[in-house]
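K.L.:
Let's see this in three dimensions:
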Amino acid sequence: MIYVALLRGINVGGNNKVDMKELKKVFEEAGMSSVKTYINSGNIVFEDSLHEKEELPAILEAAILAHFNLSIKVLVYSFDEFQRVAASIPDNWTNDQDMKSDVWFLWPEADDEAVLEKLTIKPEIDRVNYVPGAVLWSVDKEYVTKSGMQKVIGTKLYKLVTIRNVNTVRKLLGLMEE
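P.N.:
Numbering: from 1, shown residues only. So this is what the prediction gives:
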């Protein structure tokens, strides 16, 4: 089985520093194979046929804690789950000088369409969709600071998401397809 692991809160603002080459080794030592990392924000594509998907976060979190002495939350998606999320991103959503488009990956306890009720969505500015496993958000760059979505920062819900821009999501899907 092919999976992607998304780590929350590493290498952000100089905190929770994790070297990607070392992280690759940690995954391999934990029994994962064909391990590939992508950029410094904790994106790891790997294969595993020994464990159930539901077991993987605890295995990987324990390995990271043992090696780096950091308590890092790990969210794992199977190829099919990740492909469904990525396929749900509208083709015209970009992350560039004109548009900011992100995927908010949800931990299971937040993964429900009712999550939208906990967000401050300004329909005239924000484009927001729920898909199983994630919230998709896009806004024109000129309106980012006016978006209500920023109000989630610091909330209980914010601790149950890890965010990647759509370019990263598309690249990760490509790595999983290789």
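
K.L.:
Need the three-state assignment for Ile44.
P.N.:
Of the three states, Ile44 takes strand under DSSP: H, G, I helix; E, B strand; the rest coil.

K.L.:
Burial check on it, number of neighbours?
P.N.:
Close neighbours of Ile44, defined as other CB atoms under 10 Å, add up to 24. No exception for glycine: its C-beta is placed from N, CA and C like everyone else's.

K.L.:
got it, and Glu142?
P.N.:
For Glu142, using other CB under 10 Å, the count is 10.

K.L.:
Quick check: phi and psi at it.
P.N.:
Main-chain dihedrals, Glu142, degrees, to the nearest 10: phi -70, psi -20.

K.L.:
Tell me how far it lies from Gln97.
P.N.:
10 Å (CB to CB, to the nearest Å).

K.L.:
ok, now Met20?
P.N.:
27 Å.

K.L.:
count of neighbours near Val144?
P.N.:
Counted with other CB under 10 Å, Val144 comes out at 14.

K.L.:
Tell me if it really is in a strand.
P.N.:
No: under three-state DSSP, Val144 falls outside any strand and is assigned helix.

K.L.:
Was I right to think it contacts Ser101?
P.N.:
No: judged on CB atoms under 8 Å, Val144 makes no contact with Ser101 at a distance of 11.0 Å.

K.L.:
which of the residues in stretch 75-94 are buried?
P.N.:
For stretch 75-94, the neighbour count (16 or more other CB atoms under 10 Å) marks Leu75, Val76, Tyr77, Phe79, Glu81, Phe82, Val85, Ala86, Ile89, Trp93, Thr94 as buried.

K.L.:
beta partners for the third one?
P.N.:
Right, the one you point to is Tyr77. On the basis of DSSP bridges, Tyr77 is bridged to Val4.

K.L.:
and it, what pLDDT?
P.N.:
We have a pLDDT of 98 for Tyr77.

K.L.:
Start from the N-terminal end of this protein and give the helices.
P.N.:
20-29, 56-68, 79-87, 166-177 (DSSP state H).

K.L.:
and for the third one, what are the contacting residues?
P.N.:
Under the contact criterion CB atoms under 8 Å, 6 or more residues apart in numbering, helix 79-87 has outside partners 1-4, 77, 103, 105, 131-134, 169-170, 172-173, 176.

K.L.:
related to what we said a few turns ago, so between Met20 and Gln97, which is more surrounded?
P.N.:
With neighbours defined as other CB under 10 Å, Met20 and Gln97 compare such that Met20 has more, 18 against 7.

K.L.:
Apart from its chain neighbours, what residue comes closest to the more buried one?
P.N.:
For Met20, the nearest residue in space outside its immediate sequence neighbours is Thr37; the separation is 4.2 Å by CB to CB, 6 or more residues apart in numbering.
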